[in-house]
Structure formats: structure tokens, C-alpha cells
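Participant: what's the 3D shape of this:
(4 chains)
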Protein chains: 2
Amino acid sequence: MARQLDHEARDRAVVEASWRVIAREGMTALTVRSVAKEADLAPSSLRYSFPTQSSVRERAISAVLERLQERVVALPEDAHWGENALLELMPVDGEKHTEAIVWLALEMAAVADVDLQPVRARANAYIRTVCHDVAAWLGSSSEDLVDQLHAFVDGLTLHVVVRDECTPQWAERALRIYLDEVRERIAAGVQN
Amino acid sequence: MARQLDHEARDRAVVEASWRVIAREGMTALTVRSVAKEADLAPSSLRYSFPTQSSVRERAISAVLERLQERVVALPEDAHWGENALLELMPVDGEKHTEAIVWLALEMAAVADVDLQPVRARANAYIRTVCHDVAAWLGSSSEDLVDQLHAFVDGLTLHVVVRDECTPQWAERALRIYLDEVRERIAAGVQN
DNA sequence: TTTATTCTCGCACAGCTGTGCTACTATCTC
DNA sequence: GAGATAGTAGCACAGCTGTGCGAGAATAAA
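Facilitator: Presented below is the predicted three-dimensional model:
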């Protein structure tokens, strides 16, 4: 045999390097050479682990979903589970901000690139599941509420990434106001 | 003098060609050559009107805002002005769907490209103005409601573009449900 | 018709892209 | 030690990119 590479560490390094490139320079700049440089590897060495450019892109994207799932699963089931779960979907800190940019860049890239559509569909389905559970946590089983939660959370996410005046604090406040309104509505028995 | 080019028609043709390219193949595919081909021009001829690649991109994007403004201004001030104004912001028909893709692609491209940030800021400011007017139309002057309307509308837009299961009809229904809730809340005097 | 000007178009160039191929090195097993 | 093999690294190539440049065609004014 020969020397053994720590595949997990390599995977993490490449994923995080590609995230940084996407967040800093956009999806267009995600080239074999740029990722290799960011991960401090020779392009050919990167290509040993990731033979094609699209394998890098696909891994960068599926890793966002993995991270998100890990965070949501790790969430304590306390009195604020619902808010906290939704906040995990939103760019309320630096790391999540990077992930959100990657995530939104994927959403748009998948419009034109069929190879990315499966992972996009999986991720959207998972986010919807979270919204579904939050709706249940709020005491509602309305599909309309799930749609509304999902759209609102994604809208806030987009705005934090894209509008300078929208900070994490702004998004958190907007989310709390909205959730209070939903709670009132449910308490009033308007929907179930 | 010499033969005269219809600059307006040329501008329209190039703008629409670039929209088609972006919607079909993504922002990455917006090259001098691809736009020229889509507009049925020799690349060098395109470059007579648009000397650089970024001038094409910037024009494609500012044109989205122009179109949007024209549509909103043209809206009759009848009993459904508010809903209709918000629907103008959303991809509820084929043309608006294309524009929404271009618009969202811009939002993400501007994260990395400083040249695009001014037009993005202008467009977001305009959309917020529309949301503000709709809030007033609903009988509220709450900034929180404006934020909520804006985030919700953009969230629905994103979902129609990005989630297969989200049709224009779905978005329109979700918007109406949401607006009914807002109206009830305002009628109850919860906020002003 | 002549002339000036606007527009069209092709060619060339440097720099980037993904990727195939090959040589080399370091380390694990025997 | 010897040898096999996992991993590194460099080079080359075709194809794409934006863009500079110059030559030509078409048309308006003289």
C-alpha cells in the first residue's frame, strides 16, 4: 500500500474552500483552479479527489443541506424550538450567511443546470419539512401556513443576503413579529 | 451622413435576447457571442451598440426595472389596485417569469459584482416603495408591514421560479390568503 | 456622382476554462 | 530491505472568453 489520505478532512477542506469562493466571487468563479488555490492544493491534487468540476459544485451544494440538517437535528426541544428551527434556516450569523449565499446561488444555477435540480429539490423538500414541523409546533396543520412560513423565511433570507440595510437582527425581529401574529391567529381559531 | 440604425429597436432586441439567454442558460452563459447569436447579430455588430460584455449585462438588468415600473404605473387605481400591484412584482405569467429569473439572477450576481450593486439597490428600493404604497392602500403605515409584504412577495417569487410544484396560481392564492389576514389584523386595529 | 459617415463584420490575440495523460514521490505491506 | 500503490504534480491541448483593430459595405448629404 501507500500513504493514506484523510478523505474526510480533504472533503471538508474542499467544501469550505468552495463555499468561500462562491460567497466571495459568485458561482461563476467556482473553477477547478480557484478552488484548488483556495484550499491550498495543486489543481491536479484536487482533481484526484474531485475528478470533474461539476463534482466539486455538487458537493459544495449538498454539503449545505447536510450542515443544515445537522444543526436542526441538534436543536434542543425546548419552549423556543420553533423560532430556533426557522432561525437555523436563515443567515443570522457569519457561517449561515455564507451557506445562504451558496444556497441561493444554487437555486438560481439549478434553473439552467439540470444536474443540480435533484439536490435543489431535496433541500427544498427538507426546508418545507422543517416549516411543516414548525407549523405543527405552533398548533396548526394548515398547508397554507406551511407555504406562508416557507415563503416568508426564504424571503427574509434573500433580503439579508441581498439588501444592505437588512441585518440578522432585522430578520430575527421580523420573524418574531410574524410568528406572534400567526400565534394570535391560531389562538383566535381562525385556522386549524 | 450614413445609414441610420434604429437604436431603440436594437436596444429592445438585445435586451430581450439577453433575457432569453439568462432564463434558459443562466447568467454564466450571458456572453457576447451567445447574446449576439440569440439576437441574430454578428458579435462585432452587437459590440458596436454594446462595446463591453458588462454593458450588455447592466442593460439587461436595468431593463427589468424599467419594465416593472411601466407596468406598475399603468395599473388602474380600482378596488384591487393593491393585489394587482403586488402581482406585477411576481412571476404570474410567462413574460414576468422570465423577468423574475433575470431579476433573481442579478440579485445573486450583485453579491460578488460591485458594478451591479447600484442597479440592484435601485430596484429593491423601488419594490419597497410599491410595498409601502400597498401597505398604505391596506390602511397601514407600519414599516414592519412593509418589510413583511416585501419579504413575502420576494419569497413567493423565489418559490415560483425555483420550486416545480409552485405555479402562478399557487402564488396568487397564497398572496390572497396572506392579504386577507393582513386586512383582518388591520381591521382589528392590532397595528396601524 | 462624389464624399463623408455610420455601421457591419472578420480576424487575431491573450487569457481563461475543463480535462487527459504521464512522471514522480512518499508511504504502507511484505 | 523490496515492491506495490495511493496520492501529488506538471504539462499539453482544444475550446471558450472579452476585446482591439482594420477593412469593407451601405447610405445620407454635397
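Participant: got the contact list for stretch A:5-21?
Facilitator: Residues from elsewhere that reach stretch A:5-21 (Cβ atoms under 8 Å, 6 or more residues apart in numbering or on different chains): A:29-30, A:34-35, A:38-39, A:41, A:46, A:49-50, A:56-57, A:59-60, A:63-64, A:98-99, A:102. All C-beta spots, glycine's among them, are computed from the backbone N, C-alpha and C.
Participant: list, out of these, those positioned next to DNA strand D.
Facilitator: A:41, A:49 (Cβ under 7 Å from any atom of the strand).
Participant: which ones among the contacts of stretch A:5-21 map onto helices?
Facilitator: A:34-35, A:38, A:46, A:49, A:56-57, A:59-60, A:63-64, A:98-99, A:102 (DSSP state H).
Participant: got a ChimeraX select line for the buried ones in the residues you listed?
Facilitator: To isolate the buried ones among those in ChimeraX, judged by 16 or more other Cβ atoms under 10 Å in any protein chain shown, type:
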select /A:34,35,38,46,49,56,57,59,60,63,64,98,99,102
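Participant: B:Glu165: which of the ones in helices among the contacts of stretch A:5-21 is nearest?
Facilitator: Using Cβ to Cβ, A:Val64 is the member of the ones in helices among the contacts of stretch A:5-21 that lies nearest B:Glu165, at 20.9 Å.
Participant: who touches that closest one in this structure?
Facilitator: Counted by Cβ under 8 Å, 6+ apart, A:Val64 has contacts A:19, A:99, A:102-103, A:106, A:123.
Participant: mind checking how far it is from B:Leu145?
Facilitator: Counting by Cβ to Cβ, to the nearest Å, the gap from A:Val64 to B:Leu145 is 32 Å.
Participant: which parts of chain A are strands?
Facilitator: Under the criterion DSSP state E, chain A carries no strands.
Participant: quick check, the residue in chain A closest to chain B?
Facilitator: A:Gly155 (3.0 Å; Cβ to the nearest Cβ).
Participant: look at the nearest residue to that residue once chain neighbours are set aside and say how many residues are nearby.
Facilitator: Nearest in space to A:Gly155, with sequence neighbours left out and distances taken as Cβ to Cβ, 6 or more residues apart in numbering or on different chains, is B:Gly155 at 3.0 Å. Counted with other Cβ atoms under 10 Å in any protein chain shown, residues neighbouring B:Gly155 total 25.
Participant: my read: B:Gly155 touches A:His159, true?
Facilitator: No. Judged on Cβ atoms under 8 Å, B:Gly155 makes no contact with A:His159 at a distance of 9.2 Å.
Participant: follow-up on the earlier one: and of the ones in helices among the contacts of stretch A:5-21, the nearest to DNA strand C?
Facilitator: Nearest to DNA strand C, judged by Cβ to the nearest atom of the strand, of the ones in helices among the contacts of stretch A:5-21 is A:Ser34 at 5.4 Å.
Participant: so where is chain A shaky, pLDDT-wise?
Facilitator: Applying pLDDT under 70 to chain A flags residues A:1-2, A:190-192.
Participant: show me what from it comes close to DNA strand D.
Facilitator: Going by Cβ under 7 Å from any atom of the strand, the residues of chain A near DNA strand D are A:1-5, A:7, A:41-45, A:48-49.
Participant: and the two most separated of those residues?
Facilitator: Longest span within those, Cβ to Cβ: A:Met1 and A:Pro43, 25.7 Å.
Participant: show me which of these two is the more surrounded one.
Facilitator: Counted by other Cβ under 10 Å, A:Met1 and A:Pro43 do not tie: A:Pro43 has more neighbours, with 13 against 3.
Participant: returning to what we had before: JSON lines for the residues of chain A next to DNA strand D, including distance to B:Ala171?
Facilitator: Below are the residues of chain A next to DNA strand D laid out as JSON lines (distance: Cβ to Cβ, whole Å):
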{"residue": "A:Met1", "distance to B:Ala171": "57"}
{"residue": "A:Ala2", "distance to B:Ala171": "56"}
{"residue": "A:Arg3", "distance to B:Ala171": "55"}
{"residue": "A:Gln4", "distance to B:Ala171": "52"}
{"residue": "A:Leu5", "distance to B:Ala171": "48"}
{"residue": "A:His7", "distance to B:Ala171": "43"}
{"residue": "A:Leu41", "distance to B:Ala171": "44"}
{"residue": "A:Ala42", "distance to B:Ala171": "48"}
{"residue": "A:Pro43", "distance to B:Ala171": "44"}
{"residue": "A:Ser44", "distance to B:Ala171": "47"}
{"residue": "A:Ser45", "distance to B:Ala171": "47"}
{"residue": "A:Tyr48", "distance to B:Ala171": "46"}
{"residue": "A:Ser49", "distance to B:Ala171": "41"}
